[in-house]
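Chemist: Need coordinates for the following:
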Amino acid sequence: MDLSDLYSSRIIEIAGRLQAGNRLEFPDASARRASRICGSVVEIDLKLRDGVVSDYGQEVNACALGQTAASIVAEHIVGSTPEELRMLRHQVEAMLKKNSPPPTGKWADIKYLEPVRDFPPRHASVMLVFNAVVEALDKISESAAH
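Modeler: A predicted model of the protein is given here:
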């Protein structure tokens, strides 16, 4: 597979659904992740209420792969639990690094990023949003513990 083959019509379609930056005014936590390899940057904001994500904002300046991952997250994160999101990050990383199956259910569109596993330098682009979400969840957990 050639690198250009990664950018399927489905990847381009999902990336195209990404909304323009919509940061939250008063998030419970925010996180910023950047890829040194390609320069992609993802900044996210989270609010949790009653054990689930109640609001989400993000600003994404990334390649189509990073945009696709961010678009999928933005479409499905509200209503998700921290545990689900931590598991999702683990599943995506395992899909890329260990040839594990992609997530299913509401996260099934992540399967379109499965070919990225053959291009390790592109893994970071896909993982930016998932790592940022877990970082923000960690910040919320830390502040709740104090």
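Chemist: List the residues that contact Asp45.
Modeler: With contact set as Cβ atoms under 8 Å, 6 or more residues apart in numbering, Asp45 has these partners: Arg23, Leu24, Pro27, Ala29, Ser30, Asp55, Tyr56, Gly57, Gln58, Ala136. For every residue, glycine as well, the C-beta is placed using N, CA and C.
Chemist: Show me the residues you listed that map onto strands.
Modeler: Those of the contacts of Asp45 mapping onto strands are Ala29, Ser30, Asp55, Tyr56, Gly57, Gln58, per DSSP state E.
Chemist: nearest residue to the third one other than its sequence neighbours?
Modeler: Leaving aside its sequence neighbours, Asp55 sits nearest to Lys47 (Cβ to Cβ, 6 or more residues apart in numbering; 4.0 Å).
Chemist: Give me the below-cutoff pLDDT ranges for the chain.
Modeler: The chain contains residues with pLDDT under 70 at 1-5.
Chemist: Would you mind measuring from the most centrally placed residue in the chain to His146?
Modeler: Centroid-nearest residue in the chain, with Cα atoms, centre = their mean: Val129, separated by 3.0 Å. Distance, Val129 to His146, using Cβ to Cβ, to the nearest Å: 27 Å.
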